[in-house]
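S.K.: Sequence unavailable; structure follows:
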């Protein structure tokens, strides 16, 4: 997690506008746009809110809306609708598409918020705690260091792959070991290459349908494919 | 129908590139891009091919692909994939979306082509003939003139609304009579305003699930709401 609120305020005091790429934040963190108020914020709702793919949003602070134009101009740009702002008219119908994913957002928020007695607060806390425990388990099992303090984690954790994985060149779009995990173990987990010199990392997520056993299984599978 | 092939050739001979907006053509007309070869062609597949909304294509002639950039640049622009052209890499993954509609296109083409013994040829001819008969019926029943020869029709026909409809100002996004048709008769049909002085028109379509009785019902309903 980044200290987004502090970054936005510090940059603002230097006259710099911030567009926050909060792809994973909605549903993982308590997001209060009315308090954060960056110049603009975009977030996905198909990740931690579990709406269908295509559900996402762009929030723009009122004083920045007039100057912002979409990359693709369509019907709304010259067809104002009663009850909608010019900003909405410009952005919300850029062409023929299936808006079903957008319509599902409200229901997804309701549904996810009813899965645990404590609602979204408990869901976020549970997922965070599982991500922390998953990282501890994996780091210990694979004998790799934790790259950041636990208080910086949300419901995801990125950790270095063990040494045998390092230094192998990239073959295709997906790493060979990733395909093995999928084909032989039914595990879908992202591998990434970052840094100079390049290091290879694995990223795990913790949603309500996951349990610690999933990460034990991943640790065993990683040892098999390494 | 426009004489698109002739238009493309005539413009080409004057050094003018053509982007054909063939929104309704695929599935309504025999479309042969390899023969037509305009600079670019775009068409929808959620209309006469009956794939889900979001299914559409952009075809660009080989010699024009290198100079064309998408309005939104994303992953593919700097991540070439083996087996894909740079044109495909630039255009086919502009952001996170649900590609289900695209995946359905092949099945939709197969499915529609098996509904009648004569396949797509018979389907297109049947729909064209029904549109012609629907227009005759409506023009006669509503006592309005046919605005173009029948040979210019595909599977759709636009005709002027009767005089009582003309001259009424537009109230909202949809005309009042359109809402009445929907609410009281279960009919969804587009009304348009075109020309100077402005005239009001209605457009009917004929797909395999339509029969002449649908247009008889529309004619009666139009008389009720006029």
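M.R.: Yes, it's here. Note that the coordinates shown come from a computational prediction; the quantities given were computed from them, not determined experimentally.
S.K.: and chain A, what are its domains?
M.R.: A:4-113, A:121-225 (automatic domain parsing).
S.K.: Find out how far the shortest one is from the centre of the chain, if you would.
M.R.: Domain A:121-225 has its C-alpha centroid displaced from the chain centroid by 15 Å (C-alpha atoms, centre = their mean, to the nearest Å).
S.K.: Could you work out the end-to-end span of that domain for me?
M.R.: One end of domain A:121-225 to the other measures 37 Å (C-alpha to C-alpha, to the nearest Å).
S.K.: Give the rounded mean pLDDT of it.
M.R.: Domain A:121-225 carries an average pLDDT of 95.
S.K.: just to revisit the earlier point, which one, of the domains of chain A, ends up nearest to residue B:116?
M.R.: domain A:4-113 (27.2 Å; C-beta to C-beta). For the C-beta atoms, the positions are set from N, CA and C on the backbone; glycine is no exception.
S.K.: now the end-to-end length of the closest one.
M.R.: 24 Å.
S.K.: That one near chain B anywhere?
M.R.: Yes - using C-beta under 8 Å from any C-beta of the partner chain, domain A:4-113 comes into contact with chain B via A:44, A:46, A:52-54, A:56, A:71-72, A:81-82, A:96-98, A:101.
S.K.: What does the closest residue to residue A:80 other than its chain neighbours show for phi and psi?
M.R.: Nearest residue to residue A:80, sequence neighbours excluded (C-beta to C-beta, 6 or more residues apart in numbering or on different chains): residue A:89, at 5.5 Å. The phi/psi pair for residue A:89 (degrees, to the nearest 10) reads phi -60, psi -40.
S.K.: Report the contact partners of residue A:89.
M.R.: A:76, A:77, A:79, A:80, A:81 (C-beta atoms under 8 Å, 6 or more residues apart in numbering or on different chains).
S.K.: Looks like the second one contacts residue A:88 (just checking).
M.R.: Read it as residue A:77. No - contact status for residue A:77 versus residue A:88: not in contact, 11.3 Å apart, counting by C-beta atoms under 8 Å.
S.K.: Got the confidence number for the residue nearest to the spatial centre of chain A?
M.R.: In chain A, the centroid-proximal residue (C-alpha atoms, centre = their mean) is residue A:24; its distance is 2.1 Å. pLDDT recorded at residue A:24 is 96.
S.K.: So which bits of the longest helix along chain A are buried?
M.R.: Determined from DSSP state H, the single longest helix within chain A is helix A:119-142. Of all the residues in helix A:119-142, those buried under the rule 16 or more other C-beta atoms under 10 Å in any protein chain shown are A:120, A:123-124, A:126-128, A:130-135, A:137-139, A:141-142.
S.K.: what's the answer for stretch A:196-204, then?
M.R.: So, applying 16+ other C-beta under 10 Å, buried residues of stretch A:196-204: A:200, A:201, A:202, A:204.
S.K.: Can you add distance to residue B:112 and secondary structure and give those residues back as CSV?
M.R.: Listed next are the buried residues of stretch A:196-204 as CSV, based on distance: C-beta to C-beta, whole Å; DSSP: H, G, I helix; E, B strand; the rest coil:
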residue, distance to residue B:112, secondary structure
A:200, 47, strand
A:201, 47, strand
A:202, 45, strand
A:204, 44, strand
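S.K.: what about the nearest residue to residue A:127 once chain neighbours are set aside, distance to residue A:22?
M.R.: Spatial nearest neighbour of residue A:127, excluding adjacent residues (C-beta to C-beta, 6+ apart): residue A:155 at 3.8 Å. Residue A:155 is 14 Å from residue A:22, where distance means C-beta to C-beta, to the nearest Å.
S.K.: Neighbour count: those two, which is higher?
M.R.: residue A:155 (27 against 21; other C-beta atoms under 10 Å in any protein chain shown).
S.K.: hang on, isn't the more buried one packed against residue A:125?
M.R.: No - taking C-beta under 8 Å as the definition, residue A:155 is not a contact partner of residue A:125, at 9.7 Å.
S.K.: For chain A, which segments count as strands?
M.R.: Remark: strands assigned in chain A by DSSP state E are A:19-21, A:40-44, A:56-60, A:156-160, A:191-194, A:199-205.
S.K.: In CSV: those, plus distance to residue B:172.
M.R.: Listed next are these as CSV, based on distance: least, C-beta to C-beta, whole Å:
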stretch, distance to residue B:172
strand A:19-21, 35
strand A:40-44, 31
strand A:56-60, 27
strand A:156-160, 46
strand A:191-194, 50
strand A:199-205, 45
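S.K.: Residue A:27 - how many residues pack around it?
M.R.: Neighbourhood size, residue A:27 [other C-beta under 10 Å]: 26.
S.K.: So what's the residue count around the residue lying closest to it once chain neighbours are set aside?
M.R.: Nearest non-adjacent residue to residue A:27, counting by C-beta to C-beta, 6+ apart: residue A:48, 2.9 Å away. Other residues within reach of residue A:48, judged by other C-beta under 10 Å, total 25.
S.K.: picking that back up, tabulate the domains of chain A (CSV), appending distance to residue B:221.
M.R.: Converted to CSV, the domains of chain A look like this (distance: least, C-beta to C-beta, whole Å):
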stretch, distance to residue B:221
domain A:4-113, 27
domain A:121-225, 50
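S.K.: and of those, who's closest to residue B:146?
M.R.: Nearest to residue B:146, of the domains of chain A and by C-beta to C-beta, is domain A:4-113 at 29.3 Å.
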